[in-house]
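Asks: only the shape, not the letters, is given here:
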């Protein structure tokens, strides 16, 4: 049996980051901790319900940024406009997407 003691001592953000680094994509917040630990430890695989709904808006924002990178690059320090790959949190993504949502569509 796998000892998940260290994983249970991590908070949700840390576990979500570990899942992302393992290639699971952006998992949604609010997954029960024991399920999240099972995902990170590799005992379970993510289901569609586990994924964050920001995948769609990340793709839309990325397309917009790539087409307009020269105009927006100075407003996005440290960001290369690759929203589907850049490791920003959901909150950071929302702060970037919400003011731009009218022009991103």
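Replies: Arrived safely, thanks for sending. On a predicted model such as this, the values are computed, not experimentally measured, just so you know.
Asks: state which helix of this protein is the longest.
Replies: With residue count as the measure and DSSP state H as the assignment, the chain has helix 54-67 as its longest helix.
Asks: run through who's touching that helix.
Replies: Contact with helix 54-67 is made by 25-26, 72, 76, 79, 81-84, 90, 93-94, 96-97, 100-101, 103-105, as judged by C-beta atoms under 8 Å, 6 or more residues apart in numbering. C-beta here means a position set from N, CA and C on the backbone, and glycine is covered the same way.
Asks: give me the buried subset of the residues you listed.
Replies: Using 16 or more other C-beta atoms under 10 Å as the burial test, the contacts of helix 54-67 include 26, 79, 81, 83, 90, 93, 96, 97, 100, 104 as buried.
Asks: sorry, back to before: distance from the chain centre to the longest helix of the chain, please.
Replies: Relative to the centre of its chain, helix 54-67 is centred 13 Å away, using C-alpha atoms, centre = their mean, to the nearest Å.
Asks: next SSE downstream of that helix?
Replies: helix 69-72 (DSSP states H and E).
Asks: report all helices and strands that that following helix contacts.
Replies: The helices and strands touching helix 69-72, judged by 3 or more C-beta pairs under 8 Å, 6 or more residues apart in numbering; DSSP states H and E, number zero.
Asks: pLDDT score for residue 71?
Replies: The per-residue pLDDT reported for residue 71 equals 79.
Asks: for residue 42, that is, sorry about that
Replies: In this model, residue 42 is scored at 92, pLDDT.
Asks: which residue packs closest to it, ignoring adjacent ones?
Replies: Sequence neighbours aside, residue 22 is the residue nearest to residue 42 in space, at 8.0 Å (criterion: C-beta to C-beta, 6 or more residues apart in numbering).
Asks: surely that neighbour and residue 40 touch.
Replies: Yes - here residue 22 reaches residue 40: they are 7.1 Å apart, a contact under C-beta atoms under 8 Å.
Asks: what's near enough to touch the closest residue in space to residue 73 that isn't next to it in sequence?
Replies: The shortest distance from residue 73 to any non-neighbouring residue, by C-beta to C-beta, 6+ apart, is to residue 81 (7.5 Å). Residue 81 is in contact with 62, 65, 66, 69, 72, 73, counting by C-beta under 8 Å, 6+ apart.
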